[in-house]
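Q: just coords:
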């Protein structure tokens with residue numbers, strides 16, 4: 001039986017997904033660190049939004065791709081494309097935002113757990 005990772009397209013998708021998640025995690029951690037340095041402790045929604053912000057780029061690029069590259073002239077296919085891309089962007093926002101929030105939560109617990117209080 002052949003492995004699922006033997007196919008090049010599956011390997012490329014998994015590598016891109018990992019790079020996306022690592023980038024989202026790093027963006028959230030850096031933003032969280034700068035917020036903590038500024039002594040702003042109301043940062044939980046900001047860490048979620050920082051992680052999910054890549055979905056805004058994906059949705060914007062899908063609209064750009066639709067306008068410049070696709071040759072769709074009728075309304076129904078255009079609405080289907082925009083609707084499905086919006087749903088995919090929302091799912092991506094929730095996925096990357098959750099990863100960013102979880103990573104920043106672990107980061108804050110780790111750095112504040114090592115602080116010694118006398």
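A: Nice, I can see it. Computed from a predicted model, the values in this text were never measured in an experiment.
Q: residue ranges with poor pLDDT in this structure?
A: Residue ranges of the chain with pLDDT under 70: 1-8, 10, 118.
Q: residue ranges for the helices of it, please.
A: All helices of the chain, identified by DSSP state H, fall at 8-37, 44-52, 54-68, 75-113.
Q: The residue nearest in space to the middle of the chain and residue 47: what is the separation?
A: The centre of the chain sits closest to residue 96, judged by CA atoms, centre = their mean, with a distance of 3.1 Å. For residue 96, the distance to residue 47 (CB to CB, to the nearest Å) stands at 11 Å. The C-beta positions use only the backbone N, C-alpha and C, and glycine is treated the same way.
Q: cool, residue 104 as well?
A: In this structure, residue 104 lies at 4 Å from residue 47, with CB to CB as the measure.
Q: Common neighbours of those two, please.
A: Overlap between the contact sets of residue 104 and residue 47, as judged by CB atoms under 8 Å, 6 or more residues apart in numbering, is given by 28, 32.
Q: before we move on, the earlier item: most packed of the helices of the chain?
A: With neighbours defined as mean count of other CB atoms under 10 Å, those peak in mean count at helix 44-52, which reaches a mean of 20.
Q: got the angle between it and helix 75-113?
A: For helix 44-52 against helix 75-113, the angle between stretch directions is 120 degrees (axes from the mean of the first three to the mean of the last three CA atoms, to 10 degrees).
Q: Name the residues that touch helix 44-52?
A: Applying CB under 8 Å, 6+ apart, the set of residues contacting helix 44-52 is 24-25, 27-28, 31-32, 35, 92-101, 103-105.
Q: swap in stretch 96-105?
A: 20-21, 24-25, 27-29, 32, 43-44, 47-55.
Q: residue contacts, residue 108?
A: Contact partners of residue 108, counting by CB under 8 Å, 6+ apart, are 32, 36.
Q: go again using 7 Å as the cut-off
A: If you count contacts by CB atoms under 7 Å, 6 or more residues apart in numbering, residue 108 has them with residue 32.
Q: Please apply the same query to residue 80.
A: Counting by CB under 7 Å, 6+ apart, residue 80 touches no other residue.
Q: again, 10 Å this time
A: By CB atoms under 10 Å, 6 or more residues apart in numbering, residue 80 lies in contact with residue 72.
Q: Much appreciated, bye for now.
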